[in-house]
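Got a predicted structure plus its sequence, pasted below:
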Amino acid sequence: MSDNCLFCKIVRGEIPVDKLYEDDEILVFRDIAPQAPVHFLVIPKKHVNSPATLAAEDEQLMGRIMRIGCEIAKQEGIDQFRAVLNNGEQAGQTVFHLHVHILGGRNMSWPPG
Ligand code: AMP
């Protein structure tokens, strides 16, 4: 846990979110500024700064994050979606607590801007 991390505060229940799923190591909630009809975030409860700082011991956790993200996408009625991981400011990371964006419900363009 990191005291000043926004997503750690969400994990601790200090900031309310629209929660879609929770277990002992993962939390899923809707993005506050949705970029698609369905847009939610899948995060580990433990603080991991960014994808590039994942440790070997986090491999199973990351697999669960992806699997649960897919399950919630199905639950939200999107069988086609984009999963996004931003690593670093240049890539668009603004919250430095690892998260997978799941976006769906509209056509997506490629490459991303
Ligand atoms: P990134 O730019 O990849 O770091 O994504 C951070 C995401 O967190 C953005 O899409 C924000 O809209 C989202 N976000 C920031 N604060 C909150 C919040 N309080 N509740 C839900 N989503 C948030």
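Perfect, I can see it now.

Give me the buried positions along the helix ranked longest in the chain.
If you go by DSSP state H, the chain has its longest helix at helix 59-75. Neighbour-count burial for helix 59-75 flags 61, 62, 65, 68, 69, 72, 73 (criterion: 16 or more other Cβ atoms under 10 Å). All C-beta spots, glycine's among them, are computed from the backbone N, C-alpha and C.

and the last one, what does it touch?
By Cβ atoms under 8 Å, 6 or more residues apart in numbering, residue 73 lies in contact with 38, 79, 81, 102, 104.

what kind of secondary structure is the fourth one in?
The one in question is residue 102. At residue 102 the chain is in strand, as set by DSSP: H, G, I helix; E, B strand; the rest coil.

Looks like it contacts residue 43 (just checking).
No - counting by Cβ atoms under 8 Å, residue 102 does not reach residue 43; the two are 11.5 Å apart.

Just want to know which of these two has more residues nearby.
Looking at residue 102 and residue 43 with other Cβ atoms under 10 Å, you find the greater number of neighbours at residue 102, namely 25 against 22.
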